[in-house]
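Chemist: mind folding the following:
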Amino acid sequence: MKLNRSTDTALRIAMLTSASTARTTVDELAERLVLPRNQVAKTVQRLQRLGVLVTIRGRSGGVLFAESAAALTVGAIVRAFEGDDEVVDCHRPACPLLGACALRGELRRAQRAFLDVLDQVRLGDLAAGAAGSVLLGLGHQRPTGPAPGAVARRPRRRPAPPRATGPEVGTVRTR
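Modeler: I've put the predicted structure just below:
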């Protein structure tokens, strides 16, 4: 099973914010995780509604990992962002094997097993040990290249020197 981008972003934000007790801003999260700001802002809003993050408005505002979020599981976050859809949609287009298909049941069983494993991992445990040090060090080394979400611009072209025209083109001067 492959997680969509918003789920991946949500888990990264949860891990980073759980590693620190300090407030952080959406801009700082985007920079440290090397993600587009708009993507981070939307994900932060969803995580706040789920109770993973606490957001504080204003000049000294920011984002904090909610104390109660440490008990939430990775499986709960994946379900919230991915939904309850099956791995394969057997109805679009309608599969002629639908009534007698053994694969559909096995895919459901595999998906349940995947989520059961993630239900055993708590968000509060993701920043334990060496992972916490790595998470806290993210973004402190300045990446090279454009900022996350920045629009790449073409370098300015200098005007070409005027072309020579007339009889002097292609002639060689001698002393």
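
Chemist: how about D27: what's its closest non-neighbour residue?
Modeler: Leaving aside its chain neighbours, D27 sits nearest to R37 (6.3 Å; criterion: Cβ to Cβ, 6 or more residues apart in numbering). In short, each C-beta sits where N, CA and C put it, glycine included.

Chemist: neighbours of the one you found, just the number please.
Modeler: Using other Cβ atoms under 10 Å, R37 has 17 other residues around it.

Chemist: same check on A10?
Modeler: Using other Cβ under 10 Å, A10 has 26 neighbouring residues.

Chemist: wait, doesn't it sit right on A76?
Modeler: No: contact between A10 and A76 fails when scored by Cβ atoms under 8 Å: they sit 11.0 Å apart.

Chemist: just name the shakiest helix or strand of this protein by mean pLDDT.
Modeler: helix 130-137 (a mean of 59; mean pLDDT, DSSP states H and E).

Chemist: the lengthiest helix in the chain packs against which elements?
Modeler: If you go by DSSP state H, the chain has its longest helix at helix 103-118. Packed against helix 103-118 by the contact rule (3 or more Cβ pairs under 8 Å, 6 or more residues apart in numbering; DSSP states H and E) you find helix 74-82.

Chemist: only alpha carbons, please: show the helix it packs on as PDB.
Modeler: What follows is helix 74-82, C-alpha atoms only, in PDB (Å, rounded to 0.1, in the frame of the first residue of the first chain):
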ATOM      1  CA  VAL A  74       0.000   6.100  13.200                       C
ATOM      2  CA  GLY A  75      -2.800   3.800  12.000                       C
ATOM      3  CA  ALA A  76      -5.400   6.400  13.200                       C
ATOM      4  CA  ILE A  77      -3.600   9.200  11.200                       C
ATOM      5  CA  VAL A  78      -3.300   7.000   8.100                       C
ATOM      6  CA  ARG A  79      -7.000   6.200   8.300                       C
ATOM      7  CA  ALA A  80      -7.900   9.800   8.800                       C
ATOM      8  CA  PHE A  81      -5.900  10.900   5.700                       C
ATOM      9  CA  GLU A  82      -6.400   7.900   3.500                       C
END
